[in-house]
Each structure stands twice: as structure tokens, then as C-alpha cells.
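>>> Build me a structure from this.
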Amino acid sequence: MDIPAPLALLLQAVETGDLPAARAAAAELRRTNAGTRQLAAEVLHELRQPLLGVKAYTQLLSEEIGARGTLRQMLAQVERMEQIISDFTRLASERPAPQQPVSLVAQVQAAARAFSLNPDSSRITLQVDAPEDLTVQGNGRLLEQLTLNLLNNARDAVSGPGRVKVVLRREGGSPVMYVADWGPGIPEAVRHRLFEPYVTGSKRGTGLGLAVCQRIAREHQARLELVPASMLAEQPPPTTVFRVLFPTPDPLTAPTPSPGASTPAPATVRRRLLVVDDEEIIRSVFKDLMDKECEMFLAADAEEALAHLRRGPVDLIVTDKNLPGLSGLELAQEARKLDANSRVILMTGYPSLVTTQQALELGLLDYLLKPFDDIREVRTKLRETLAAAAPVRRAPGLGSRRVDVLEDSPAAARQITEALASLGLEARVMPSAPTEPASVAPAAVVVSWDLAAAHGRQALELARKLGQGAPFVVLAEYLSQETVLEALRAGASGCLSRELAAPELSRELSRILGQAPAAPGR
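Modelled structure (predicted):
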């Protein structure tokens, strides 16, 4: 095999003892590797677009004629390609994913459902033995991917009909997950390299799944290892057992319950929906998805979309973030100039904390991540949004100058009170959750994401209820994309770090609430 030039130069410099040349070669090798990773990331992103179209149409076709064998196989292969792309992307990524308290049981059950959708899994008897109260600090999507990869690895190890079992329990206070199979076992020759990329004891896999599992486990400060079959009291004993040992959780953490999903009937009034995306396949998917229920308008860029909007308002705009020319966020700003009540949902394959915050402060309704897991879930979201009345929001500062502060940390409450006082606003600190809104609505609400009485999504719902249409701002100790996304979906006006000093917090609150600083001596 030919050795890449930068590496060859590095080896030559090391052999000759030329330290300056070795440093220069090492720097060039780093630049080359970074460029290769960037190119790979761009190619993989472009592959996701046509895959999204193929997957969406396969799901819609199966909805019309039933999930027949051929369609099930096609969908399974598309999902396998998506999984390979996700695995490569995950291995190349060096950015930590946002984390919060999540139910490990819920993620394992979600992975089990995804596993069962693959036609090849029909030959496997899957058992899940799990309690109801296992909580870890982590990222829900990644924990689901970790579990699904281990399940797929176990299935691929079993050549014919077989059995796979997942066991969740506590050991010494720490949550533990076991994934066992009764296949042929792992060859001794690959055991010590099992978690390296492209190393596999199976003829079916790519050798990436376990490497991705190891990276996800490390991100969660967990330990993934191959353990003896005797760790599980099963008869006959399994041939292969993987264990994921999570750190002991903070006793104050608790999973945020997911609201029950509902699928309302299509609206009887024919709404006007504008979809903006420079990929023709994405526009076609949305047209076929909603054309029977909505008057559809399609645009390939922001300029074309604005031309539609100048001819008349629409009920909802769904736009990609990365458009040629004006971005999706800039389109949302221009749409608001034409119609202050414009409702916008943003789509992106490149999510980031910064753009999520921008979407939140622009008052966008949602921030959809590509590729979509199920295009039918997107249709449900569009139906719900079109059927719902536009949210009524009062401008801050009307009537009361009181700001209700939901914060149970005395130090943080003092900081917020000081910041609001500099804006001429009076803080009413509430360390616990009140049961009913006040008779006089506040000018605004500041809520701590980490409020003990109503953590996370529950705290946001509480703030919205107490505000009675007033703007509310979320403060979070750990400002993650998922936190900002939840704040956006709850209708918050802003999401800030809880660690901001009072002067900086005052500036940010002034910007978000539109309040000028109070005059001296006020």
C-alpha cells in the first residue's frame, strides 16, 4: 500500500532525526487529515438529500399499498445506508453532544422498535428486561443509537434464527445495560481489537458499529466492554455479552416525560403552505405529502419565496436554512417585514447552537433536523401547526413592570434581580412553582431550566402559563442545542446561560425584551 506523502515525509524525518522537518511534516499531515474529514462530511451530507427523498417516498408508498416484502426490504436498505452515514459522521465528529437527564429505558425501547422494523430482524427473538426508573445523564438520540448498534451487531452475529436479550439493572447504584446473543461467539483473534474501526468478527457488518458504540459510551463517561457470559444468569448461557456501565447519576436528576403524541385529523379549511428548498427532491416530497390538504407553493430560493409572499400571505412557511443567496433565517426576517404574523419552520442538515438561538429569537415555530426519521411524523407536525391558532404574545412592559422569576437558587435569583433592576423592572422571585397565574399578568417571565420543582420542559410550560402571553426567557446552567430547541418549541423569547454576570445578563435581557436601561436614580 502506498504511504501518503505527508506521512512518508514524517517517517523519513523521524528516521534521520530531523526535528524541524518532522514538525513541518506532522503539521502538513494534520492539515491533510482535516481537509479529508471536511470533504467526507460534505459528501456524506449531499448523500443524505437523495436518501431522504427515496426514504420518504418509500414510506408514503407503503402507507398507500401496505408494507409489502419488497418495500420493507427497500426501506431497510435505505435505513442501513443512513446508519452507515451516521456511523462515519459520528466517528469523524469531535464535538460533544448536548446532554440532560433522560430515561435509559425509553431509549432502549425506542431502539428495540427501530430494530424490529428491519426485515432481517424477524428471525431474531428479542427480549428486553428493564425496570421503569433508570435515569442517566446523556443524549437520548445517541443512547438510542448505541443500543441499536449493539442489537444490530448481535443480530448480524447470528446466522439464522436466534435470540438476543437486553438487560437493564443497577449495580452498586450505577445503571448498567447488557446486550447478549446466542450466536457463534467472537473469534479470539479479533477480541483485543474489537472496538477499532473496520474490525469485525461477522461477515455482514462494516466494522463501524462497535467503534461508534465505544465513542458514544465514552461521551457518556460510560464503560463499554465484552464480559463473561456468567454475568447474566441465563440458561443456556449466551455466547457473547456486552456491558455498558454508566456512572452513578445525580440523585436530583429525573427524566423529562414526553408529551403524548396526537395525530389530529386533516384540517377542513385548505391552508396555504410555502416550502422553500434548493433540492428538487425535497420540494417534491413535501408537495406529494401535503398537496391533498393544502394549497402548495414551492420555491428553490428565498427570492422566489418572497415573490410568492408579495402576491399574498401564506399560513405557514417551511424553509431550509442553507439556501443559495439569502439564508432561511434571512428569509424569515424578510417575511416578517411583509407580514408580522408570518409563521416559519426551519429545516437543516447542519444544526448548531448559534442558529437554533437565532431561530428562537426570531420567533420561529420549530427547527426540523434532516434527514427526517419518518416523513409521516413531519406531516403530523405540519397538520398540527396549520390547525393551531397563531400564538398570542404581548409586548413586554405593558401595564405591570413586574417580572416573575422562577429560580430556586438564591445566588442566581440575586443576579437576575440586579439585572432586571438596571432595566427599571421589579423581580418577583418564586423559588417554587405556583399553582395558578397571578390576577395581574407580569411584564415578562424569567425561568430557570433547572428549577427543581419543574425541570426542563415542565419549567417552560409553567413559564408560559404564568406569563399569560408575556414573553419569557429561559436560563440554563448548561446551554445546549437541545435546551434551546425545547425553549424554541415552547415559544420562549430567548435562552441564556445562567452563568452570565449581572451586567451582561442585563444587556441580553434588554435586547430580548426590548427594554432600555433605567435612568440613573430611577
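
>>> going forward, measure contacts and count neighbours with C-alpha atoms only.
Fine.

>>> so what's Q100 bridging to?
G138 (DSSP bridges).

>>> quick one: contacts for it?
Counting by CA atoms under 8 Å, 6 or more residues apart in numbering, Q100 makes contact with 137-139.

>>> How about residues contacting stretch 460-478?
Applying CA under 8 Å, 6+ apart, the set of residues contacting stretch 460-478 is 392-396, 406, 433, 436-438, 441-450, 454, 483, 487, 490-499, 513.

>>> which among the residues you listed end up buried?
396, 406, 433, 441-450, 454, 483, 487, 490-496, 498, 513 (16 or more other CA atoms under 10 Å).

>>> where exactly do the strands run in the stretch 251-400 of the chain?
Under the criterion DSSP state E, counting those that start in this stretch, strands of the stretch 251-400 of the chain are mapped to 271-276, 294-299, 316-320, 344-348, 366-369.

>>> Which strands or helices does the shortest one pack on?
Judged by 3 or more CA pairs under 8 Å, 6 or more residues apart in numbering; DSSP states H and E, strand 366-369 is in contact with strand 344-348, helix 481-490.

>>> got JSON lines for the ones you listed, with distance to V314 too?
Compiled in JSON lines, the helices and strands packed on strand 366-369 are given as follows (distance: least, CA to CA, whole Å):
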{"stretch": "strand 344-348", "distance to V314": "10"}
{"stretch": "helix 481-490", "distance to V314": "21"}
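
>>> in what helix or strand does R243 lie?
Element membership for R243, per DSSP states H and E: strand 240-245.

>>> same question, V176
strand 174-181.

>>> For that strand, buried residues please.
175-181.

>>> mind checking pLDDT for the nearest residue to S342 once chain neighbours are set aside?
Once flanking residues are discounted, S342 sits nearest to R336: 5.6 Å by CA to CA, 6 or more residues apart in numbering. Each residue has a pLDDT score; the one for R336 is 90.

>>> residues near R336, how many?
15 (other CA atoms under 10 Å).

>>> rewinding a little: can you name every helix or strand that the strand holding V176 contacts?
helix 140-157, strand 162-171, strand 240-245.

>>> After it, which helix or strand is next? Please name it.
Downstream of strand 174-181, the next assigned helix or strand under DSSP H and E is helix 188-191.

>>> Report the buried residues of that next one.
For helix 188-191, using 16+ other CA under 10 Å, no residue counts as buried.

>>> So what's the gap between that helix and the chain middle?
36 Å (CA atoms, centre = their mean, to the nearest Å).

>>> go on, stretch 322-331?
22 Å.

>>> Render the CA-only coordinates of that stretch in CSV, please.
Taking C-alpha atoms only, stretch 322-331 is exported to CSV below (Å, rounded to 0.1, in the frame of the first residue of the first chain):
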residue,chain,number,x,y,z
ASN,A,322,-28.9,26.8,3.8
LEU,A,323,-30.3,28.4,0.7
PRO,A,324,-28.4,30.0,-2.2
GLY,A,325,-28.4,33.7,-1.7
LEU,A,326,-30.4,34.7,1.4
SER,A,327,-30.5,32.1,4.1
GLY,A,328,-33.6,30.6,5.6
LEU,A,329,-33.2,32.8,8.7
GLU,A,330,-32.9,35.9,6.5
LEU,A,331,-36.0,34.8,4.6
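
>>> Thank you kindly, that will do.
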